[in-house]
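Colleague: What shape does this take:
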Amino acid sequence: MRREYLLQPYFAPIAPLLPKILMIDFTHQLTPRDYMFQTYMPGELWSTVMDELTEEENDALWRQFAHIVRTIATIKGDVFGMPYPGRHFTT
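Modeller: Prediction:
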């Protein structure tokens, strides 16, 4: 959850595709756990409905997926690797 929160600014190019964070708390003052509230995004898992879709519909979804992956791949950061507490490298 903390990584998701730390990575969110990097995913600004695809922000409309992601739920918005409404509230987050890592202090453990209200409950002994981290928690985050996000907006609800209705939808269905592609893997659940894949067999019900036509070949053209699945192809269209693959093209959309490829566009999203390409957009993510163009995001530039200061380092490589995972955000804290993960390891990251300058090159």
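
Colleague: Distance check, the residue most central in space within the chain against residue 76.
Modeller: Most central in the chain under C-alpha atoms, centre = their mean is residue 18, positioned 6.1 Å from the mean C-alpha point. Distance from residue 18 to residue 76, counting by C-beta to C-beta, to the nearest Å: 19 Å. For the C-beta atoms, the positions are set from N, CA and C on the backbone; glycine is no exception.

Colleague: Need phi/psi at the residue nearest to the centre of the chain.
Modeller: Taking degrees, to the nearest 10, you get phi -110, psi 150 for the backbone angles of residue 18.

Colleague: give the contact list for it.
Modeller: Residue 18 sits next to 8, 11 when contact means C-beta atoms under 8 Å, 6 or more residues apart in numbering.

Colleague: Show me where this protein has its helices.
Modeller: 2-7, 46-49, 55-73 (DSSP state H).

Colleague: Pick the most deeply packed of those.
Modeller: Of the helices of the chain, the one with the most neighbours on average (mean count of other C-beta atoms under 10 Å) is helix 2-7, at a mean of 14.

Colleague: And it, how far out from the chain middle?
Modeller: 9 Å (C-alpha atoms, centre = their mean, to the nearest Å).

Colleague: one step back: using CSV, lay out the helices of the chain together with mean pLDDT and distance to residue 14.
Modeller: Output for the helices of the chain, formatted as CSV (pLDDT from 0 to 100; distance: least, C-beta to C-beta, whole Å):
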stretch, mean pLDDT, distance to residue 14
helix 2-7, 87, 11
helix 46-49, 95, 16
helix 55-73, 96, 6
